[in-house]
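K.L.:
Provide a 3D model corresponding to the input given below.
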Amino acid sequence: MGNLKNLCKAQRGSSRIGSGRRVFTALAVCMALFVALAAPYAQNVLDPSWSDVVTEVRPVIDASMNDANVTGMSIVLVDGDAVVWSEGFGYSDAAAKRAVDADTMFEIGSVSKTFTGLMVMRLAEQGKIDIDRPVTDYIPEFKMEPSARNFPRNDRPITV
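P.N.:
As a prediction, the model looks like this:
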């Protein structure tokens with residue numbers, strides 16, 4: 001995993017990935033690299049100027065997939081508003097040898113909570129919301145059903 005960390009640090013510090021959306025993109029790519037089982041590539045490199053990065057990242061993905069025993073994954077790298085690389089790795093159905101490609105759909109699982117939390121904190125940094133205010137200040141129709149065991153607690157408001 002050391003190579004992955006160094007690659008992400010190097011890209012974050014380069015002129016390609018600087019701040020704001022680009023740092024977020026670099027972090028998203030780094031998170032995507034922690035998955036499983038080497039197999040053929042379904043390749044779609046859209047921007048040739050990123051070829052060196054793609055060439056360096058592919059073996060890291062393969063190794064990470066082998067280490068984590070994941071059957072398949074896909075990755076999308078976005079620079080600004082443009083998709084510069086999308087590719088599938090491994091299989092969506094290993095028994096049928098159906099390869100993952102750049103358009104394979106995956107379940108999102110609990111990842112949306114991470115992105116929601118990130119966006120809430122960005123809004124807080126921008127002064128657009130106060131995380132110590134009750135959720136009902138922003139979503140007046142929000143209600144929690146009372147519980148038989150007083151959980152969640154209903155004697156104080158739920159904050160953002």
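K.L.:
Show me the shaky parts of the chain.
P.N.:
Scanning the chain for pLDDT under 70 picks out the ranges 1-45, 146-154.
K.L.:
continuing past the longest helix seen in it, what's the next helix or strand?
P.N.:
When the chain is parsed with DSSP state H, its longest helix is helix 51-68. As assigned by DSSP states H and E, the chain's next helix or strand after helix 51-68 is strand 72-79.
K.L.:
Now do that next one against helix 51-68: the angle between them, please.
P.N.:
150 degrees (axes from the mean of the first three to the mean of the last three CA atoms, to 10 degrees).
K.L.:
Show the subsequent helix or strand relative to strand 72-79.
P.N.:
Downstream of strand 72-79 (by DSSP H and E), the next one is strand 82-93.
K.L.:
Please name every helix or strand in contact with that next one.
P.N.:
The criterion is 3 or more CB pairs under 8 Å, 6 or more residues apart in numbering; DSSP states H and E, and the helices and strands that strand 82-93 contacts are strand 41-45, helix 51-68, strand 72-79, strand 98-99. Placement of C-beta: from N, CA and C, glycine included.
K.L.:
of the ones you listed, which approaches residue 130 most closely?
P.N.:
With CB to CB as the criterion, residue 130 lies closest to strand 72-79 of the helices and strands packed on strand 82-93, at 30.2 Å.
K.L.:
Show me what the closest one pairs with in its sheet, parallel or antiparallel.
P.N.:
Applying DSSP bridges, strand 72-79 is found paired with strand 82-93 (antiparallel).
K.L.:
The closest residue to residue 157 other than its chain neighbours pairs with what?
P.N.:
Leaving aside its sequence neighbours, residue 157 sits nearest to residue 134 (CB to CB, 6 or more residues apart in numbering; 3.6 Å). Residue 134 has these beta-bridge partners by DSSP bridges: residue 159.
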